[in-house]
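In: I need the structure of the sequence given here:
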Amino acid sequence: MMAEYSYLVLNLPRGTSRDLARRILTDHAEYGDWELARMRLFADGSRTATLRRKIIRQRKPTGPGSVPALGPLL
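Out: From the prediction side, this is the model:
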């Protein structure tokens, strides 16, 4: 099964320093579980960062024993 990802595109204007761009990306990674998928640097100095994170889907339990048994009702 292939992993599914959600994506977030950040546009950083040309006046953004490398240090500030790094801090922005670090915050997204630490607090939002994003990882850097792609960084593009344009001729005018602006940057576009594409971040991604894995979509975790919970499966419904199936098969025998998947439904909890009800104990005796008093």
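In: other SSEs contacting the helix or strand hosting Leu10?
Out: In the assignment (DSSP states H and E), Leu10 maps to strand 5-12. In terms of contacts (3 or more C-beta pairs under 8 Å, 6 or more residues apart in numbering; DSSP states H and E), strand 5-12 is packed against helix 18-32, strand 47-54. Just so you know, the C-beta spots here come from the backbone N, C-alpha and C atoms, and that holds for glycine as well.
In: That strand to strand 47-54, inter-axis angle?
Out: 160 degrees (axes from the mean of the first three to the mean of the last three C-alpha atoms, to 10 degrees).
In: Quick one: closest of the helices and strands packed on strand 5-12 to Ser6.
Out: strand 47-54 (5.9 Å; C-beta to C-beta).
In: Work out the sheet partners of that closest one and label each with its direction, please.
Out: strand 5-12 (antiparallel), strand 35-41 (antiparallel) (DSSP bridges).
In: Run the chain-centre distance for the last one.
Out: Pointing back at strand 35-41 there. 13 Å (C-alpha atoms, centre = their mean, to the nearest Å).
In: mind exporting that strand as CSV, just the C-alpha atoms?
Out: Extracted in CSV, the C-alpha atoms of strand 35-41 (Å, rounded to 0.1, in the frame of the first residue of the first chain):
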residue,chain,number,x,y,z
GLU,A,35,8.5,17.4,6.2
LEU,A,36,10.1,19.3,3.3
ALA,A,37,9.2,17.7,0.0
ARG,A,38,10.6,20.5,-2.4
MET,A,39,12.2,23.9,-2.2
ARG,A,40,12.3,26.1,-5.2
LEU,A,41,14.4,29.3,-5.4
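In: how far off helix 18-32 does it point, in degrees?
Out: Using the same axes, to 10 degrees: strand 35-41 against helix 18-32 is 160 degrees.
In: what residues does strand 35-41 touch?
Out: With contact meaning C-beta atoms under 8 Å, 6 or more residues apart in numbering, strand 35-41 is reached by 5, 7, 25, 29, 47-53.
In: one more time with 10 Å
Out: Residues outside strand 35-41 that contact it (C-beta atoms under 10 Å, 6 or more residues apart in numbering): 5, 7-10, 12, 14, 21, 25, 28-29, 46-54.
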